[in-house]
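K.L.:
Got a predicted model here, sequence first, then my questions.
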Amino acid sequence: MAQQQQRTQQITELNQKISVLKGQREKLKAEAEGLAKERDRINEQIKHLNAEIFELKNERNNLNVEVKTLKQKRNEMQAKVRIKIEEAKRLNEELKALGKRKTRKSISAIQKEIDAIEWKIQTNPLDLQEEKALVEKVKSLEAQLATLRRFEQISQKLLELRAEIKALETEGKFCHEKLTDSAKKSQELHEKMIAKIKELNKVKAEADDFHKRFVTVKERMTPINTEIQGLLNQVRALKGELLKAKMDEERKSEEALLEKLKQQAAEKLKRGEKLTWEEFQLLGDEDL
């Protein structure tokens, strides 16, 4: 009995220790859950930041492609302008040279003069010398006419070139302005992206810190769990011993009772009294 009381006392003490350890474990578990929740909240923030950075990067890259395209187009416009300017310079030189040779007469006046001479040659009897002189005159007038026509042709071409150059310069200026605006926006997006990356790195470090603390708390729970398990094993062992002791006591009580009943049956037999079937079985063949 004393041993049973001692074991019962030990079980009570062990259960108290287990209760204290479970309280400590619950506190650590609550702390771990709080850290995990905060870590997960920050990880969600990291996810949003990554999405923002991805979007900013795509937008910036698209603008960079646009800048590249506009720069190429602007350079093409500038190259065309240079070609047109060179052509205009060449035509201006030719125009200056023609200006020195051209007459002040108009094209229509020279053409009328040519027509009149040709009519005269065709309708009037002329000697060879007169006809030759008139033919030479026509040749001279036709040369003047060709010069005037070329002068007017070049003048018209120069007007067209100036219009083309102005249009190309306007388009090139538009490309340059749009290019500059897109480049500025791209730079602003790049700076925003860099700021977001810095924020992301900071938040990641914060998340890592919470995770490390979470792991540390979980590690602190391991020896407590081990100790609780060890104490539970001790409790089970003591309860097993108590159960065995109880069963032994019950077995001894049963044996004592059987012995008593057996003695009573033997006394009845000695007295010549009739035995019940159960009493007869208790005594057995040997006793009989």
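P.N.:
Thanks, I have the structure now. Numbering: from 1, shown residues only.
K.L.:
Can you check the pLDDT for Gln233?
P.N.:
One thing to correct before we go on: residue 233 is Asn, not Gln. pLDDT, Asn233: 93.
K.L.:
what residues does the lowest-mean-pLDDT helix or strand in the chain touch?
P.N.:
Using mean pLDDT, DSSP states H and E, helix 277-287 stands out as the lowest-scoring helix or strand of the chain, at a mean of 67. Defining contact as C-beta atoms under 8 Å, 6 or more residues apart in numbering, one finds that helix 277-287 is touched by 258, 261-262, 264-266, 268-269, 275. No exception for glycine: its C-beta is placed from N, CA and C like everyone else's.
K.L.:
Quick check on those: which are buried?
P.N.:
Listed as buried from the contacts of helix 277-287 are 265-266, 269; burial here means 16 or more other C-beta atoms under 10 Å.
K.L.:
Serialize the contacts of helix 277-287 to a markdown table and add fields for pLDDT and secondary structure.
P.N.:
As requested, those are exported to a markdown table (pLDDT from 0 to 100; DSSP: H, G, I helix; E, B strand; the rest coil):
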| residue | pLDDT | secondary structure |
| --- | --- | --- |
| Leu258 | 82 | helix |
| Leu261 | 82 | helix |
| Lys262 | 79 | helix |
| Gln264 | 81 | helix |
| Ala265 | 78 | helix |
| Ala266 | 82 | helix |
| Lys268 | 76 | helix |
| Leu269 | 76 | helix |
| Leu275 | 77 | coil |
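K.L.:
Could you save those as CSV and add columns showing distance to Gln10?
P.N.:
Shown next, in CSV, are the contacts of helix 277-287 (distance: C-beta to C-beta, whole Å):
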residue, distance to Gln10
Leu258, 33
Leu261, 37
Lys262, 38
Gln264, 41
Ala265, 43
Ala266, 44
Lys268, 47
Leu269, 49
Leu275, 48
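K.L.:
And these, which is closest to Glu241?
P.N.:
Leu258 (25.6 Å; C-beta to C-beta).
K.L.:
which stretches of the chain have low pLDDT?
P.N.:
Where the chain drops to pLDDT under 70, the residues are 1, 101-103, 285-288.
K.L.:
the helices in it, which residues?
P.N.:
Applying DSSP state H to the chain gives helices spanning 2-101, 107-123, 128-270, 277-287.
K.L.:
Check which residues of stretch 218-233 are buried.
P.N.:
221, 224, 228, 231.
K.L.:
Most widely separated two among the residues you listed?
P.N.:
Across the buried residues of stretch 218-233, the longest distance by C-beta to C-beta is 15.2 Å; it joins Met221 and Leu231.
K.L.:
starting at the chain centroid, how far to the least confident helix or strand of the chain?
P.N.:
Helix 277-287 sits 92 Å away from the centroid of its parent chain (C-alpha atoms, centre = their mean, to the nearest Å).
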